[in-house]
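J.: just need the structure, nothing else, for what follows:
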Amino acid sequence: MVKRIVVGAHYGTGSWLAQRITALVIAVYSVIALVVVFGGRPLTYSVLKDLFSQGWMRVATLVFMVSLAWHAWVGVRDILMDYVKADGLRLALEVATILLLAAYLGWTAQVLWR
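T.: Reported below is the predicted structural model:
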C-alpha cells in the first residue's frame with residue numbers, strides 16, 4: 001500500500017474563483033456595451049467620445065480589461081502547466097504572457113486617460 005501525502009489542500013480554488021468572478025465582470029460589461037451599441041442612438045465618434053469622457057465608463061472599462069487580463073492569465077497559465085513539461089520553456093512562456101498582458105493594460109490606461 002502506498003501512503004499518499006496530500007499537500008496543498010484546496011489548491012486551485014483561488015484560480016477557480018478568479019475565473020468565475022472575472023467571467024462575471026466580463027459578462028456584465030459586455031451587456032453594458034451591447035446596450036450602448038444597440039441603444040438606439042447611432043454609434044458615431046462623438047457619441048463614443050461623450051461616453052468615454054464620463055469617469056464611470058473609463059473605470060468600468062479599466063475594470064473590464066483588468067478582469068480580462070486576469071482571466072486570460074489564469075487560463076494560459078493552466079494550459080502551460082498542463083502541456084509544457086520543460087520548466088525553462090514554461091517559465092519563459094509565462095513571463096512572456098505576463099509582459100504581454102501588462103503591456104495591454106498599460107496601453108488601455110493610456111487610451112482611456114490620454
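
J.: so where's the protein shaky on pLDDT?
T.: 1-2, 4-11 (pLDDT under 70).

J.: following the chain past the longest helix seen in it, name the next helix or strand.
T.: Longest helix in the chain, counting residues (DSSP state H): helix 55-83. The element immediately downstream of helix 55-83 (helix or strand, assigned by DSSP states H and E) is helix 87-112.

J.: how many degrees apart are that next one and helix 55-83 in direction?
T.: Calculated by axes from the mean of the first three to the mean of the last three C-alpha atoms, to 10 degrees, helix 87-112 forms an angle of 170 degrees with helix 55-83.

J.: and helix 87-112, what does it pack onto?
T.: helix 55-83 (3 or more C-beta pairs under 8 Å, 6 or more residues apart in numbering; DSSP states H and E). (Glycine included, C-beta is placed from N, CA and C.)

J.: would you mark the buried spots in the helix it packs on?
T.: 57-58, 60-61, 64-71, 73-74, 76-77, 80 (16 or more other C-beta atoms under 10 Å).

J.: distance between it and the chain's centre?
T.: Centroid separation between helix 55-83 and its chain, computed with C-alpha atoms, centre = their mean, to the nearest Å, is 1 Å.
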